[in-house]
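K.L.:
fold the following.
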Amino acid sequence: MDHGTPAAAAEFSHFGICVSDLGRSLRFYCQALGFEKAESHEIGHEFAALMDLPDVAVTSQFIRRGPTAIELLAFADPAPFGDGRRRAVNQLGLTHLSFRVDDLAATAARIVELGGAVVESSRTKIDLGGATLQFVYCTDPDGVRVELMDLG
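P.N.:
All right, here's what the predicted structure looks like:
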């Protein structure tokens, strides 16, 4: 058996993000980052085993921008938990979402207006022979790290 070849082709589907306030997260991702509200599903006990929970009541709200899909998960039961602080970038697991933007300052300001935050200490500029690359980490309203990149 060739371990370098996947058994079946895998195609990426979406990211899932647990949110504390679905309306606030919809506004954040749609108005700050250009996503559009898409399909929504009320999920119950039929998905409890998949979610590794004894029972579940959750709203699954998809948002889309081009080929990228994010599933915002608003749990009614069991209630979402966590402190809402951004995770360390070197903590195992998903570290951040990254977006190319044309106007880093305007996008960062919009993120703050919509309940997110800018990690000011992360601002980075790199000059590459006439092109200036700019980066900054932000967070969504629930502390998910969002990188903004202006590639000049």
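
K.L.:
going forward, measure contacts and count neighbours with C-alpha atoms only.
P.N.:
Fine.

K.L.:
flag the shaky bits of this protein, pLDDT-wise.
P.N.:
Across the chain, the ranges flagged by pLDDT under 70 are 1-7.

K.L.:
beyond the helix or strand containing Ile111, next helix or strand please.
P.N.:
Remark: Ile111 resides in helix 104-113, with elements defined by DSSP states H and E. On the C-terminal side of helix 104-113, the closest following helix or strand by DSSP H and E is strand 117-128.

K.L.:
which residues does the residue sitting nearest the centre point of the chain bridge with?
P.N.:
The structure's the chain has its C-alpha centroid closest to Leu97; by C-alpha atoms, centre = their mean the separation is 5.3 Å. When bridges are called by DSSP bridges, Leu97 pairs up with Val146.

K.L.:
wait, it touches Arg145, no?
P.N.:
Yes. Contact status for Leu97 versus Arg145: in contact at 6.4 Å, counting by C-alpha atoms under 8 Å.

K.L.:
what is the neighbour count of Glu147?
P.N.:
21 (other C-alpha atoms under 10 Å).
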